[in-house]
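Enquirer: Predicted model follows, preceded by the sequence.
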Amino acid sequence: MLNNSFSLGVSISSLLICVVNLIYTLILRRTDKIQNRLFMALLCILIVNSITGIVTAFYSAEATVEHGISALKMARYAYFATHTALCPLFFYYVSNVSFASIRLASRKIFLLSLPFFVTEFLALFNPVTNIVWSYDENMAFHREWGEYVIYLAAFFYFVLAFLIMMRSWDFISRKRRTALIFLFIMVAAGVLIQLLNKNLKVEVLAEAVGFTGLMMSVENEDDRLDIGMGFYNRTALSMDIGSCLKNDRKLKLIMIRIRNYDLVNRLVEAGETNTIADILSDFLKSVVPRYYIYVPEKDTFVLTLYNYNDRQAEVVADRISSRFDNPWDYGEYSIQLNAAVILADIPSQIRSTVELSYMIESPLPDEKDRDILKGQDLDFIMRRHAVEDAISRGFAENSYEVYYQPTYHIDGRLHGAEALIRMHDKTLGNLYPDEFIPIAEQNGLIDDIDEFVLEEVCKFLQTGVPQKNGIDNINVNLSVLQCMRPGFVESINRIVNRYGIDKKLINYEITESIAASDYDTLSHVIRKLRNEGFLFSMDDYGTGFSNVSNIFSLNFDVIKIDKSLLWDSEKSELGMVILESTIRMIRQMHKKILVEGVETEAQIELLKKLNVDYLQGFYFSKPIPKSQFIEHITEQHASRK
């Protein structure tokens, strides 16, 4: 009687746990994915198993009564008919979680299913064959050889599921790993205990407890979702694509990059709300199910297409691209979104999660506007990958070099120079800052590059050669990441002090767009460095849309007017008016003026009339290596004597 009471309590506990898990899953509507449906099927099997356990425990005392015998036999039959399917379904569940599942039409899936078909056949036809279990004339239960076949098949699927999990280990979150390992341990313990002692019917309870862990840590995807949008986040994308690559799962990927995201957000005054996601949500969910949509960046959406051929994927991409030809309604607004659509194949074009990140982060080719990028259009991914590798090995291979471009007084005398980083990679050849600096900023190597430039300038100034040949100071570009770095001012002082350089020989250049990004931080940095003796210039003035009052309150020594203003002045009367007005305004603020992009005598004569202070451009010299720069300034200085 003690055994029956124990079994009844265990079965009722199992039933309650599984019913609560199923209800909770339904309430939270985690039912749309194949993974979710497999999980609910597993819970339903355990519910049936729990009910059969209750029936068995309840009627065991009446095993000699006819209705008790019938109930016991029916319960035993229902248990084996359903429980035999538990491990195979769990195997397919883990396969889906790990993105290792394959199409049901394949030969592999048929072969993997054979043990299940065999054992299910044994269980279903046991009333005729009695090869799985039997009862003697006293209604005592006996295991037959068929039950051990079922255990072997279950062990086979159990091991397969474990191997698949281990294969995808690096692409499963820590929370999911813990839940799956916990389930494996609970199932193994429950099966072993019940196999050794058939009276301790704890297998179903152990499985129910293990599946509770799955519900909390695998079925609950809050850590994978952007809660505000209801789509998967970047972490989920990286893990899922990583699992697909690891398990040789082929798929197509469509990426939508919204080029005018910031403009739209300002237009509707969205604040923290992702307006683009609100606009696109219904449309994207009409293209693919919700669980195939990811938002790795605020302006980027990724759709995954499984089991699509090339033509089918192109049709979907065309549909998406065509939709962006028309405006989108959002409240009282009619908004035109500027989108680039990228169609890629995994794994032939994207072979790693690193390359996927390149695709998300890389600037798109400028000539592409709302076209579908595919095939060879995606070479920019590989280019970015190669550039990042070159940046990483650059210092070890001495690939970096500082070039100098001289600046001149308006009367032709040498004034200074701008230090510009260049890169000479053994594989890629010459690389220019516009290409490798943004990548260096993203992979965290920009600090090393900035310090390299400053060190090279300090070494050069320490020789005294620039000063002897009429160079007043050398300009060094200052990035916004440098300014935001804790201890930046102290680091700069430490480097310059090590070389014993007069700090007024170094003039830091800050672009207008950087100056407009954070006045408070920059004002603090500039004030501290100016107190140390450094000079400051604003670079590329005239290309941004900054607050003029705030910009000039930063107390720059020199304002460098962007070359576009000079060149536009030669093309139209309006361009000339803008250049003249800009110079007049800067003059009234008592700032020195340097104009970039000087290439002709006519431009020099114009700028003399406008009374600027300094000139820079190819008319005098392009950026050149230090050795050539020394020759250039030596000749220039000698000719002025």
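Expert: Thanks, I have the structure now.

Enquirer: CA atoms for contacts and neighbours, from now on please.
Expert: OK.

Enquirer: and the longest strand along the chain, what other elements does it pack with?
Expert: Using DSSP state E, we find that the single longest strand of the chain is strand 414-425. The elements that strand 414-425 packs onto, with contact taken as 3 or more Cα pairs under 8 Å, 6 or more residues apart in numbering; DSSP states H and E, are strand 400-409, strand 429-431, helix 446-463, strand 473-477, helix 626-640.

Enquirer: Out of these, the one nearest residue 5 is which?
Expert: Closest to residue 5 of these, according to Cα to Cα: helix 446-463, at 70.0 Å.

Enquirer: So what touches the closest one?
Expert: Helix 446-463 is contacted by residues 402, 419-421, 437, 440, 466-467, 474, 476, 478, 482, 495-496, 499-501, 505 when judged by Cα atoms under 8 Å, 6 or more residues apart in numbering.

Enquirer: In PyMOL, how would I select just the buried ones from the residues you listed?
Expert: Buried residues within the contacts of helix 446-463, by 16 or more other Cα atoms under 10 Å, are selected in PyMOL with:
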select buried, resi 402+419+420+421+437+440+466+474+476+478+482+496+501+505
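
Enquirer: Okay, now the unreliable bits of the stretch 51-200 of the chain?
Expert: Residues of the stretch 51-200 of the chain meeting the criterion pLDDT under 70: 60-68, 101-107, 139.

Enquirer: ranges for the strands of it?
Expert: For the stretch 51-200 of the chain, the strands defined by DSSP state E, counting those that start in this stretch occupy 133-135, 141-143.

Enquirer: Output those as a markdown table; include the columns distance to residue 592.
Expert: Putting the strands of the stretch 51-200 of the chain into a markdown table (distance: least, Cα to Cα, whole Å) gives the following:
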| stretch | distance to residue 592 |
| --- | --- |
| strand 133-135 | 98 |
| strand 141-143 | 97 |
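
Enquirer: Just name the most buried of the ones you listed.
Expert: strand 133-135 (a mean of 16; mean count of other Cα atoms under 10 Å).

Enquirer: can you give me the offset of that strand from its chain's centre?
Expert: When distances are taken as Cα atoms, centre = their mean, to the nearest Å, strand 133-135 is centred 57 Å away from the chain's centroid.

Enquirer: Direction included, what does the longest strand of the chain pair against?
Expert: Partners of strand 414-425 in the sheet, by DSSP bridges, are strand 400-409 (antiparallel), strand 429-431 (antiparallel), strand 473-477 (parallel).

Enquirer: With only the CA atoms kept, save the first one in CSV.
Expert: Taking Å, rounded to 0.1, in the frame of the first residue of the first chain, the C-alpha atoms of strand 400-409 are listed here in CSV:
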residue,chain,number,x,y,z
TYR,A,400,51.4,52.3,-40.5
GLU,A,401,53.1,55.4,-41.6
VAL,A,402,52.5,59.1,-40.9
TYR,A,403,52.3,61.4,-43.9
TYR,A,404,52.5,65.2,-43.8
GLN,A,405,50.8,67.8,-45.9
PRO,A,406,52.2,71.4,-45.5
THR,A,407,50.2,74.5,-44.9
TYR,A,408,51.2,78.0,-45.9
HIS,A,409,50.8,81.6,-45.0
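
Enquirer: ok, back up a step: which one of the strands paired with strand 414-425 has the most crowded surroundings?
Expert: strand 473-477 (a mean of 23).

Enquirer: residues making contact with it?
Expert: So strand 473-477 is contacted by 415-420, 453-454, 457, 504-510 (Cα under 8 Å, 6+ apart).

Enquirer: Just the buried ones from those residues, in PyMOL syntax?
Expert: Entered in PyMOL, the line below selects the buried ones among those, by 16+ other Cα under 10 Å:
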select buried, resi 415+416+417+418+419+420+453+454+457+505+506+507+508+509+510
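
Enquirer: looking at the strands of the stretch 51-200 of the chain, which is closest to residue 57?
Expert: Across these, closest to residue 57 is strand 141-143 (Cα to Cα), at 12.9 Å.

Enquirer: for the protein, what are the low-confidence residue spans?
Expert: For the chain, applying pLDDT under 70 flags the ranges 1-3, 60-68, 101-107, 139, 269-273, 365-370, 480-481, 512-519, 543-553, 640-641.

Enquirer: Name the residue closest to the centre of it, please.
Expert: By Cα atoms, centre = their mean, the chain has its centre lying nearest to residue 234, at 4.5 Å.

Enquirer: Residue 229 and residue 279 touch, don't they?
Expert: No - taking contacts as Cα atoms under 8 Å, residue 229 lies outside contact range of residue 279: 10.8 Å.

Enquirer: Run through the residues that contact residue 438.
Expert: Counting by Cα under 8 Å, 6+ apart, residue 438 makes contact with nothing.

Enquirer: what residue of this protein is the furthest out?
Expert: Note on the chain: the largest C-alpha distance from the chain mean falls to residue 137, namely 66.6 Å (Cα atoms, centre = their mean).
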